[in-house]
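*Asks:* A structural model of the following input is requested.
(chains A and B)
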Amino acid sequence: QTVVTQEPSLTVSPGGTVTLTCASSIGAVTSGYYPNWFQQKPGQAPRTLIYSISKKYSWTPARFSGSLLGGKAVLTLSGVQPEDEAEYYCLLYYGGAQLGVFGGGTKLTVL
Amino acid sequence: QVQLVQSGSELEKPGASVKVSCKASGYTFNTYGMSWVRQAPGQGLEWIGWINTKTGLPTYAQGFTGRFVFSLDTSVSTAYLQITSLKAEDTAVYYCARVLRQEVDYWGQGTLVTVSS
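*Replies:* Numbering: from 1, shown residues only, chains lettered A, B, ... in the order given. Okay, the predicted model is just below:
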């Protein structure tokens, strides 16, 4: 069973920068895993922020960026705002890019 | 604009079945696949699988084979998730989400399924 690992929780100050990571139990995350990143606030459906490592949607704030670093997928928030406090999930694809596995999520606190 | 509108909350007894719908609008239904995601109370997201809306071919994640079934009614641009032989641990919010290749973009609002005697 493939496991995708994220930091359980992180805290950042308003205006600061924070990095969330997404690791695969199989090995290094590469472009072939098509990392997606999602934001979920309490009581709401998830919202997609990033797909295919670093590509953004029209609604993705500019302060969010995605990359690969050190064998992991990375979501960076620069100039964090209070409204960025949320749970963040990554999704990686396996099995010829047909099977998805979510990470356990990172609870981001802005304090 | 793209919208995915899911059916309302369901309360079912153990052993029963439930069918959740996801009606799509604002785009051509069979040009995007549909994924299904589960979120148990207070827990993270679980990827159940996806269905190719052009061919009807479903793909299920490990642990979701057998009791979980995807289907389509392309005439009304709607995808369905049926869960049979319900168990208490199936209690969760179920989401549909549009997918193109490995890009998940729009999400439904979620459907709460509660399994309780």
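
*Asks:* Which residues of chain B lie near chain A?
*Replies:* For chain B, the residues found near chain A under the criterion CB under 8 Å from any CB of the partner chain are B:35, B:37, B:44-47, B:49-50, B:59, B:61-62, B:95, B:97, B:101-110. C-betas here are computed from N, CA, C, even on glycine.

*Asks:* which residues does residue 27 contact?
*Replies:* In the absence of a named chain, chain A is used. residue A:71 (CB atoms under 8 Å, 6 or more residues apart in numbering or on different chains).

*Asks:* you looked at the wrong chain, it should be chain B
*Replies:* Contacts of residue B:27 by CB under 8 Å, 6+ apart are B:2, B:98.

*Asks:* Check the spacing between it and residue B:104 real quick.
*Replies:* Taking CB to CB, to the nearest Å as the measure, residue B:27 and residue B:104 are separated by 14 Å.

*Asks:* okay, now residue A:58: neighbour count?
*Replies:* A count of nearby residues for residue A:58, using other CB atoms under 10 Å in any protein chain shown, gives 4.

*Asks:* Tell me the spacing between the closest residue to chain A within chain B and residue A:38.
*Replies:* Of all residues in chain B, residue B:102 sits closest to chain A, with a separation of 3.5 Å (CB to the nearest CB). With distances defined as CB to CB, the gap from residue B:102 to residue A:38 amounts to 13 Å.

*Asks:* same check, this time on residue A:106
*Replies:* When residue A:106 is compared with residue A:38 (using CB to CB), they lie 11 Å apart.

*Asks:* on that earlier part again, just the buried ones from the residues of chain B next to chain A?
*Replies:* With neighbours counted using 16 or more other CB atoms under 10 Å in any protein chain shown, these contain these buried positions: B:35, B:37, B:44-47, B:49-50, B:59, B:61, B:95, B:97, B:102-108, B:110.

*Asks:* quick one: residue A:19 and residue A:78 touch, right?
*Replies:* No: shown here, residue A:19 and residue A:78 do not form a contact pair, counting by CB atoms under 8 Å, at 9.7 Å.

*Asks:* of those two, who's got more company?
*Replies:* Neighbours were tallied for residue A:19 and for residue A:78 using other CB under 10 Å; the higher tally belongs to residue A:19 (16 against 13).

*Asks:* Now do the same contact list for that one.
*Replies:* A:74-76.

*Asks:* repeat that for 6 Å
*Replies:* A:74, A:76 (CB atoms under 6 Å, 6 or more residues apart in numbering or on different chains).

*Asks:* Next: residue A:102.
*Replies:* A:89, A:91, B:45, B:47.
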